[in-house]
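Trainee: sharing a model that was predicted from the sequence below.
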Amino acid sequence: DIQMTQSPSTLSASVGDRVTITCRASQSISRWLAWYQQKPGKAPKLLIYDASSLESGVPSRFSGSVSGREYILTISSLQPDDFATYYCQQINTYPRTFGQGTKVEIK
Amino acid sequence: EVQLVETGGGLIQPGGSLRLSCAASGFTVSSNYMSWVRQAPGKGLDWISAIYSGGTSYYADSVKGRFTISRDNSKNTLYLQMNSLRADDTAVYYCARGGFGTYFLSYWGQGTLVTVSS
């Protein structure tokens, strides 16, 4: 199985901060990676697909990038609505594995 | 508008069976890539099964041989038949649909809670 190692597990930040979350794949997954946002008690929401494509309706402060087997989610200017948990997921092979999640907390 | 509504969760004893339903509206289940993802209390997301429009299905090793994904075209509904349930199957179960022409999960239901306990 492909392991997705996500870091950090928790991140404390302030409104307006630039935030980056990283996912490293244990094997090559090309661009078959998504980022999801999840708020407590709610279903996940797709933010980024194909490693760097912005899902329709998602604010442009969210962006995705890739360097080798390292995938990065960047929030350019953290907003109050962005405090949530973020997950990466690879869809290159089965099983479709998720990262462990990154909780973005208010500093 | 795409909508997914899961039902069928509840409290079940270890070793028991349960069938989850995911009723879809705004699109045709049989023409889309569908998946089940679960989340144990306080834990992360755990992919468990998927089915393609052509009918090919896949499972996580943790549920293979115990869970079966299926669909009823006449009811436009996705199912997850869960047998031989264990305590570690306790989770909120979400159904999700792929995006247009992709296998990324663009649409999600609200989830249904399954609790396996004696």
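Mentor: Yes, it's here. Numbering: from 1, shown residues only, chains lettered A, B, ... in the order given.
Trainee: and the residue sitting nearest the centre point of chain A, how far from chain B?
Mentor: Closest to where the C-alpha atoms of chain A average out (CA atoms, centre = their mean) is A:W35, at 3.9 Å. Taking CB to the nearest CB, to the nearest Å as the measure, A:W35 falls 10 Å from chain B. Glycine gets a C-beta too; all of them are placed from N, C-alpha and C.
Trainee: report the contact partners of that residue.
Mentor: A:W35 makes contact with A:21, A:46-48, A:62, A:64, A:73, A:86-89, according to CB atoms under 8 Å, 6 or more residues apart in numbering or on different chains.
Trainee: most neighbours among those, which one?
Mentor: Among the contacts of A:W35, A:C88 has the most neighbours (other CB atoms under 10 Å in any protein chain shown), with 29 neighbours.
Trainee: for it, which non-adjacent residue is closest in space?
Mentor: A:C23 (3.7 Å; CB to CB, 6 or more residues apart in numbering or on different chains).
Trainee: packing partners for the helix or strand harbouring the one you found?
Mentor: Following DSSP states H and E, one finds A:C23 within strand A:19-25. Counting contacts by 3 or more CB pairs under 8 Å, 6 or more residues apart in numbering or on different chains; DSSP states H and E, strand A:19-25 is packed against strand A:4-7, strand A:10-13, strand A:33-38, strand A:70-75, strand A:85-90, strand A:102-106.
Trainee: now the residue nearest to the centre of chain A: closest residue in space that isn't a chain neighbour?
Mentor: Spatial nearest neighbour of A:W35, chain neighbours left out: A:I48 (4.1 Å); criterion: CB to CB, 6+ apart.
Trainee: quick check: beta-bridge partners of that neighbour?
Mentor: Note on A:I48: beta-bridge partners by DSSP bridges are A:W35, A:L54.
Trainee: pLDDT at it, what is it?
Mentor: Predicted confidence (pLDDT) at A:I48: the value is 98.
Trainee: ok, it touching A:L54?
Mentor: Yes - A:I48 lies in contact with A:L54 (CB atoms under 8 Å); the separation is 6.3 Å.
Trainee: what touches both of those two?
Mentor: Common neighbours of A:I48 and A:L54 (CB under 8 Å, 6+ apart) are A:62-64.
Trainee: chain B: which of these is nearest?
Mentor: A:G64 (11.8 Å; CB to the nearest CB).
Trainee: what does the closest one show for phi and psi?
Mentor: Main-chain torsions, A:G64, degrees, to the nearest 10: phi -130, psi 150.
Trainee: ditto for B:D89
Mentor: Dihedral angles (degrees, to the nearest 10) for B:D89: phi -90, psi 0.
Trainee: wait, doesn't it sit right on B:L113?
Mentor: No - counting by CB under 8 Å, B:D89 sits too far from B:L113 to count as a contact (11.5 Å).
Trainee: okay then, goodbye and thanks.
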